[in-house]
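# for reference, the sequence and a predicted model appear below.
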Amino acid sequence: MKALYFDCFSGISGDMILGALIDLGIDVEKWKTELNKIPVKGYKIEISKKQKNSIWGTDVNIIIDDHHSHRHLEDLLKIVDESGLSENIKTKAKNIFYKIAEAEAKIHNQPIDEVHFHEIGALDTIIDVLGSLILLEMLEVEEIYSSPLPLGSGFVNTAHGTIPVPAPATLEILRGIPVYKDGREGELVTPTGAAIISTVANFVQELPPIRVDKIGYGCGKKDFSFPNLLRVYVGELVESTVKERNIVLETNIDDMNPQIFGYLVEKLFKEGALDVFLTPVYMKKGRPGILLSVIAPLVMEERLSEVIFRETTTLGIRKIYVDKKIMPREIKEIETKWGKVRIKVANINGIRKAYPEYEDCKSIAERENIPLKDVILEIEKLMERE
């Protein structure tokens, strides 16, 4: 199974993510072609090699026109919806922008739709977020991991004045994420970097065994006594079956308006749940109810528990630690009459399973105005001939 690991020894930011992923050897022209699917103009991208404490990495500089107004959340969601990017990228981008907006709104004590976002509205932030997601999709990795994040210390000047490090919005975004301080001064994690990494990666204290194939370094803009770089590794996970430890949060609910469950499930996924499901149950005294089950990485326990307590009527949550085995998987492409379609292929001990990617099938069904089931059936027939 192909995996990617973010080694955040000097923190993380949007431009560092872009630099590190491009440094892996990505086809930059293909990446820029994808960027052109975003309905925004007035920027150019400069990519160069730079040295940080004798280590060379890729620096990405997004240069924008001087007269761009700041945007609000609804403006950004519209940009995402009107782009020609994949549904997977659109969903993750919306979650990232919403995280930043929600954090800023809470810090400034304003409704989310009324906050004038300096960080979220900047054009370079839009390119940081969507550009990073495009690069990750181009790499076709199955699993993404990250080290804990160093927060830094001191103060930083922003559009809101001088604020402490980490910035309040950054810390709000990182609730439930493993972080640490080691005495270094300066802003090491930006709100954009925090929102991207907390959306795309599973945080681990130790990297699972991986056969490293490529290494990339992305440059930060500031110079410190330490190398201001983000390092990423890409390679194959070594174990024949990948073992993953998760937590299951459960609670029985019998006294809540059922209309709330749909919103709750959406909120839990947005906050980092791996899976959420509802099971009809009969509870004590013969009352019908719902068993809410949430599967999540261990580091998301507190964050998701808070969502459950805040959004439901429950007074308690059970937690169960579980181990999960995953068949090694890879993404392949097959040619169809509608163009290329990705398929997920899993193999172990002679057992083979293959499935067409749902988002690709959905896009075809919507574009061609044909039933989704017919698209899936046609692709499955092609897969049998492979």
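Received the coordinates, thanks. This structure is a prediction, so every number in the text was calculated from the model and none was measured.
# isn't Trp338 up against Glu366?
No: the pair Trp338 / Glu366 is not scored as a contact, 11.4 Å apart, by C-beta atoms under 8 Å. Just so you know, the C-beta spots here come from the backbone N, C-alpha and C atoms, and that holds for glycine as well.
# these two - which one has more neighbours?
Using other C-beta atoms under 10 Å, the more surrounded residue of Trp338 and Glu366 is Trp338, with 17 against 12.
# excluding covalently adjacent residues, which one is nearest to that one?
Ile364 (4.7 Å; C-beta to C-beta, 6 or more residues apart in numbering).
# now swap in Glu301 and tell me
Ile247 (5.3 Å).
# what about the one you found, which SS state?
strand (DSSP: H, G, I helix; E, B strand; the rest coil).
# who does it bridge with?
Ala296, Tyr321 (DSSP bridges).
# give me every residue that touches it.
295-298, 300-301, 319-322 (C-beta atoms under 8 Å, 6 or more residues apart in numbering).
# same check, this time on Glu271
176, 300, 303-304, 307.
# and Asn347, by the same measure?
Neighbour list for Asn347: 327-328, 353 [criterion: C-beta under 8 Å, 6+ apart].
# residue furthest from the geometric center of this protein?
Lys285 (42.9 Å; C-alpha atoms, centre = their mean).
# so that one sits in a strand?
No: according to three-state DSSP, the state of Lys285 is helix, so it is not within a strand.
# returning to that earlier point: if I look at the residue nearest to Glu301, how far off is Arg318?
Distance from Ile247 to Arg318, counting by C-beta to C-beta, to the nearest Å: 10 Å.
# just Ile215 next, same as before
Distance from Ile215 to Arg318, by C-beta to C-beta: 42 Å.
# shared neighbours of Trp338 and Glu366, anything?
Common neighbours of Trp338 and Glu366 (C-beta under 8 Å, 6+ apart) do not exist.
# out of the contacts of Glu271, name the ones that lie in strands.
Residues of the contacts of Glu271 located in strands (DSSP state E): none.
# least confident secondary structure element in this protein?
The least trusted helix or strand in the chain, going by mean pLDDT, DSSP states H and E, turns out to be helix 118-121, with a mean of 52.
# and the next element down the chain from it?
Counting by DSSP states H and E, the next helix or strand C-terminal to helix 118-121 is helix 123-139.
# and that next one, which residues are buried?
For helix 123-139, a neighbour-count test (16 or more other C-beta atoms under 10 Å) marks 123-137, 139 as buried.
# and if you look at stretch 277-290?
289-290.
# then stretch 308-322?
Residues of stretch 308-322 classed as buried: 308, 312, 314, 317 (neighbour count, 16+ other C-beta under 10 Å).
# from those residues, which two are the most distant?
Across those, the longest distance by C-beta to C-beta is 9.5 Å; it joins Thr312 and Ile317.
# which residues are in contact with both of those two?
Taking C-beta under 8 Å, 6+ apart as the criterion, Thr312 and Ile317 both touch Thr251.
# for Val141, give me its contacts.
2-4, 234.
# okay, now the unreliable bits of the stretch 1-150 of the chain?
When residues are selected by pLDDT under 70, those of the stretch 1-150 of the chain lie in 66-69, 115-121.
# how about the strands in it?
Here the stretch 1-150 of the chain has its strands, by DSSP state E, counting those that start in this stretch, at 2-7, 43-52, 55-64, 143-146, 149-150.
# could I get those in a markdown table, plus columns for distance to Ile210 and mean neighbour count?
Formatted as a markdown table, the strands of the stretch 1-150 of the chain follow (distance: least, C-beta to C-beta, whole Å; neighbours: other C-beta atoms under 10 Å):
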| stretch | distance to Ile210 | mean neighbour count |
| --- | --- | --- |
| strand 2-7 | 6 | 22 |
| strand 43-52 | 24 | 14 |
| strand 55-64 | 21 | 18 |
| strand 143-146 | 9 | 20 |
| strand 149-150 | 20 | 23 |
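# so which of these is nearest Ala273?
Closest among these, using C-beta to C-beta: strand 143-146, at 16.0 Å.
# who's in contact with Leu136?
The contact partners of Leu136, taken as C-beta under 8 Å, 6+ apart, are 4, 21, 144, 200.
# which residues does the nearest residue to the second one once chain neighbours are set aside contact?
Excluding its sequence neighbours, the residue lying closest to Leu21 (C-beta to C-beta, 6+ apart) is Leu135, at 4.0 Å. Under the criterion of C-beta under 8 Å, 6+ apart, the contact list for Leu135 reads 17-18, 21-22, 26, 31.
# how many neighbours does Arg231 have?
That count, for Arg231 with other C-beta under 10 Å as the rule, works out to 21.
# let's have the chain start at 501 instead
Got it, the first residue is 501 from now on, which makes the last one we talked about Arg731.
# circling back to that earlier point, kindly reformat the buried residues of stretch 808-822 as a markdown table containing pLDDT, secondary structure and distance to Asp575.
Shown next, in a markdown table, are the buried residues of stretch 808-822 (pLDDT from 0 to 100; DSSP: H, G, I helix; E, B strand; the rest coil; distance: C-beta to C-beta, whole Å):
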| residue | pLDDT | secondary structure | distance to Asp575 |
| --- | --- | --- | --- |
| Ile808 | 97 | helix | 31 |
| Thr812 | 97 | coil | 32 |
| Thr814 | 96 | coil | 36 |
| Ile817 | 97 | coil | 37 |
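# from what I can see Lys549 touches Trp556, true?
Yes: counting by C-beta under 8 Å, Lys549 does reach Trp556; the two are 5.6 Å apart.
# in this structure Ala773 contacts Ala796, no?
Yes: with contact defined as C-beta under 8 Å, Ala773 reaches Ala796; the gap is 5.0 Å.
# of those two, which one has the most company?
Ala796 (24 against 20).
# got a markdown table for the contacts of Ile747, with pLDDT and distance to Val875 too?
Below are the contacts of Ile747 laid out as a markdown table (pLDDT from 0 to 100; distance: C-beta to C-beta, whole Å):
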| residue | pLDDT | distance to Val875 |
| --- | --- | --- |
| Ile795 | 96 | 29 |
| Ala796 | 91 | 32 |
| Pro797 | 86 | 33 |
| Leu798 | 84 | 37 |
| Met800 | 86 | 34 |
| Glu801 | 89 | 38 |
| Lys819 | 94 | 40 |
| Ile820 | 94 | 38 |
| Tyr821 | 91 | 39 |
| Val822 | 91 | 34 |
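# alright, calling it a day.
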